[in-house]
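# Model the structure of this input:
(one chain, ligands or ions: 3)
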Amino acid sequence: MNSTPDTPLLDKVRIPADLRALDESELPQLASELRAELIDAVSHTGGHLGAGLGVVELTVALHYVFNTPEDRLIWDVGHQAYPHKILTGRRDRIRTLRQEGGLSGFTRRVESKYDPFGAAHSSTSISAGLGMAMGRDLSGGRNNVIAVIGDGAMSAGMAYEAMNNAGALNARLIVILNDNDMSIAPPTGAMSAYLARLASGKAYLGLRDFGKKLTSYLGKRADSAITRAVEHARGYVTGGTLFEEMGFFHIGPIDGHNLEHLIPVLKNVRDNGDGPILIHVVTQKGKGYAPAEAAADKYHGVNKFDVITGAQAKAPANAPSYTKVFAESLIQEAREDDRIVAITAAMPSGTGLDLFGQVFPARTFDVGIAEQHAVTFAAGLATEGYKPFAAIYSTFLQRAYDQVVHDVAIQKLPVRFPIDRAGFVGADGATHCGAFDTTFLATLPGFVVMAAADEAELRHMVRTAASYDDGPIAFRYPRGNGVGVDMPQRGSVLEIGKGRVLKEGTKVALLSFGTRLQDCLLAAEELGAAGLSTTVADARFAKPLDEDLIRRLARSHEVLVTVEEGAVGGFASHVLHFLAHEGLLENGLKVRPLVLPDEFTDHAKPEKMYADAGLDTTGIVRTVFAALGHDVQAQRA
Ligand SMILES: Cc1ncc(C[n+]2csc(CCOP(=O)(O)OP(=O)(O)O)c2C)c(N)n1
Ligand SMILES: CC(=O)[C@@H](O)[C@H](O)COP(=O)(O)O
Ligand SMILES: [Mg+2]
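Ligands and ions are numbered 1, 2, ... in the order given. Next up, the predicted model:
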């Protein structure tokens, strides 16, 4: 049984100004109440918990020391910002997190003046902060700019591009590296090993040298409290760290859960110094909640859960998740072909490649949060005759578009792109919606672009991709579970550019690309009951199109509706382009392309999102009736 925590001190804090009125000695108590409130809220909503738990003290210290929102506080990714939301006027809505109409699970400018920059994709905070710092300097401002970035996010190229620029500009910018030695999975890469070395005290200077450096940056006010904080944590970082070579003053590591250490350091940095500074703070992901601390993923993302036991709610599923089907199918293919290798950009569990990695550790590469590199790395593997599967969520593939075009497509390299989380993703909202992949891939010459209509189709597409060597090939599938169709033992190789017809009719044709197929079949039944004989086809390919199929549907039906879970400019655009060139739009054919709405759709339950987008059974039927000029209400009565 969960009961709302007792939070007498937190109840007095609505906004950071209230927090700043507290005595410093009260802050540990406030942090403890904030942590209890966070746990309780997320137990009701689900969401990102581990990262927020790890920054409770840091959040309190930052708002205590800095004058937010005039001082700009930027949270990288934003998944750790729930404690920040509670302290910045949003506590009354914290139990609406990630629900329709409720608070976003990330920072958002439209949500609060305390969120100076929206996020959800990682590693943008230093760039945004540097822009704010230069804007401030150009307009003669005096405010601080603080970017908080995790050790996982620090693996991405953008972070280095920003530091490189910040060092050269010598801008006054505060970067807090929140090092919890975790990404979603344990972090990978040389940078992670380097940070671990720094945090373990192996690279430290003597106290005297450190004192000298500190005084040169912070001036006389680099008092003993700051030295003690660093000394207490692990020691003192040497000159010549990577960050210092990039022009940052580097301080740390310090214990990010100890307010007595955090506050003097932050005050000193606030009041002194010039140029960019990086404060290395060591924290524990999941801190203060035993089930999170004990979990392998530190409760990075959780369903609703029981606070006492930590047990998470799990809806019963009638079918395996698409992710699991992908992983198992790829394992199956990889047993047959030792040239198959798999790549993830810090999403092993999300993409299912953790399973692949258990079977084929040497053929699995977690490259860190580095989608651009992941794609070009895959291209390199392809040049050596390997069959790389670069498994990247639709939304994160956006970051690697030039690599897809320049390194893969132009060179016609057979990189395989399994694209998970294609279409609506529900609670993560607009930043994570996989809306654009069909549009941005199908426009590239020579790219093969497929969408799986169900989990069996996904299995076929994995096999098809494994056997296709003529150039790049992508297949998209959504977040969540399959539809419960019978599964083939092994996938078949699909004929490239050929769709299939599931139901023959004469008046209306529904041409689906992807998992909306099930709703098309239901819609066809409704239309049939209303006397409208309906064909249902699964296009399978947005590129190359099944031109024979489309020609036939266009010639022998009065209405042609295309249905896809993607933005305008995708499958339907290619169909319309083809129809126009074939002169098939000139004989009275009524074509209706159903795509995602031309807007960024906020978080909600996926079923509601489909309904609002007109992409559910009702929406499809309504579209057909409207095309035929029928009165929808009368038809359905
Ligand atoms: C460009 C991009 N790729 C992948 C992700 C998925 N993702 C969200 S949080 C996260 C791990 C971040 O690790 P870190 O920055 O150390 O933060 P922590 O969760 O440890 O606090 C990943 C990989 C993302 N948000 N953005
Ligand atoms: C913050 C982030 O980007 C990830 O944690 C993401 O929320 C994971 O999404 P899935 O739950 O769909 O894997
Ligand atoms: Mg981390």
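# ok, which residues in the protein are in contact with ligand 1?
51, 77, 79-80, 120-122, 150-153, 180, 182-184, 285, 345-347, 369, 371, 396, 399 (CB under 6 Å from any ligand atom). For every residue, glycine as well, the C-beta is placed using N, CA and C.
# Distance check, residue 190 against residue 355.
Using CB to CB, to the nearest Å, residue 190 is found at 26 Å from residue 355.
# Looking at those two, which is more packed in?
residue 355 (19 against 9; other CB atoms under 10 Å).
# That one: what's it in contact with?
Counting by CB atoms under 8 Å, 6 or more residues apart in numbering, residue 355 touches 324, 327-328, 331.
# out of those, which one sits closest to ligand 3?
residue 327 (24.3 Å; CB to the ion).
# Leaving out the residues flanking it, which one is nearest to that closest one?
residue 352 (3.0 Å; CB to CB, 6 or more residues apart in numbering).
# My guess is the one you found contacts residue 320. True?
No: using CB atoms under 8 Å, residue 352 is not in contact with residue 320; the gap is 10.4 Å.
# Overlap in contacts, these two.
Common neighbours of residue 352 and residue 320, using CB under 8 Å, 6+ apart, are residue 328.
# more neighbours, those two?
Taking other CB under 10 Å, residue 352 and residue 320 do not tie; residue 352 has more neighbours (26 against 16).
# Which single residue of this structure ends up nearest ligand 2?
As assessed by CB to the nearest ligand atom, ligand 2 sits closest to residue 350 within the chain, at 3.7 Å.
# give the contact list for that residue.
184, 323, 393, 420-421.
# Phi and psi next, for residue 589.
When read as degrees, to the nearest 10, the backbone of residue 589 gives phi -60, psi 130.
# Find the helix or strand that the closest residue to it other than its chain neighbours is a member of.
The shortest distance from residue 589 to any non-neighbouring residue, by CB to CB, 6+ apart, is to residue 554 (5.5 Å). Under DSSP states H and E, the secondary-structure element containing residue 554 is helix 547-556.
# following that helix, which helix or strand comes up?
Sequence order places strand 559-564 as the next helix or strand after helix 547-556, per DSSP H and E.
# pLDDT weak spots in this protein?
Along the chain, the parts satisfying pLDDT under 70 run over 1-2, 201-213, 219-239, 632-637.
# For it, which residues are neighbours of ligand 3?
The chain comes close to ligand 3 at residues 150-152, 180, 182, as judged by CB under 5 Å from the ion.
# Export those residues as JSON lines, with columns for distance to residue 18 and secondary structure.
Formatted as JSON lines, the residues of the chain next to ligand 3 follow (distance: CB to CB, whole Å; DSSP: H, G, I helix; E, B strand; the rest coil):
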{"residue": "150", "distance to residue 18": "28", "secondary structure": "strand"}
{"residue": "151", "distance to residue 18": "32", "secondary structure": "coil"}
{"residue": "152", "distance to residue 18": "32", "secondary structure": "coil"}
{"residue": "180", "distance to residue 18": "28", "secondary structure": "coil"}
{"residue": "182", "distance to residue 18": "32", "secondary structure": "coil"}
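# Can you tell me which of those is nearest residue 432?
Of all these, residue 432 sits closest to residue 152, with 16.5 Å by CB to CB.
# Wait, residue 394 touches residue 439, no?
No: contact criterion CB under 8 Å: residue 394 and residue 439 do not qualify, at 10.7 Å.
# Residue for residue, what is the longest helix the protein has?
helix 27-45 (DSSP state H).
# tell me what it is packed against?
helix 50-54, helix 56-65, helix 82-85, helix 259-271 (3 or more CB pairs under 8 Å, 6 or more residues apart in numbering; DSSP states H and E).
# Repeat the analysis, applying 10 Å as the threshold.
Counting contacts by 3 or more CB pairs under 10 Å, 6 or more residues apart in numbering; DSSP states H and E, helix 27-45 packs against helix 16-20, helix 50-54, helix 56-65, helix 82-85, helix 259-271, helix 290-294.
# any chance of the ones you listed in a markdown table, plus distance to residue 160 and mean neighbour count?
Listed next are the helices and strands packed on helix 27-45 as a markdown table, based on distance: least, CB to CB, whole Å; neighbours: other CB atoms under 10 Å:
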| stretch | distance to residue 160 | mean neighbour count |
| --- | --- | --- |
| helix 16-20 | 31 | 17 |
| helix 50-54 | 22 | 28 |
| helix 56-65 | 23 | 25 |
| helix 82-85 | 25 | 28 |
| helix 259-271 | 22 | 21 |
| helix 290-294 | 30 | 16 |
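# Include distance to residue 563 when you put those helices into JSON lines, please.
Output for the helices and strands packed on helix 27-45, formatted as JSON lines (distance: least, CB to CB, whole Å):
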{"stretch": "helix 16-20", "distance to residue 563": "48"}
{"stretch": "helix 50-54", "distance to residue 563": "37"}
{"stretch": "helix 56-65", "distance to residue 563": "44"}
{"stretch": "helix 82-85", "distance to residue 563": "37"}
{"stretch": "helix 259-271", "distance to residue 563": "53"}
{"stretch": "helix 290-294", "distance to residue 563": "41"}
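# With neighbour numbers in mind, choose between residue 394 and residue 439.
residue 394 (28 against 19).
# Check whether that one really touches residue 421, as I assumed.
Yes: using CB atoms under 10 Å, residue 394 is in contact with residue 421, at 5.4 Å.
# Could you report the neighbour count for the closest residue to ligand 1 within the stretch 201-350 of the chain?
Residue of the stretch 201-350 of the chain nearest ligand 1, by CB to the nearest ligand atom: residue 346 (3.8 Å). Residue 346 has 25 neighbours, counted by other CB under 10 Å.
# Where does it sit: helix, strand or coil?
Secondary structure, DSSP: H, G, I helix; E, B strand; the rest coil: residue 346 is coil.
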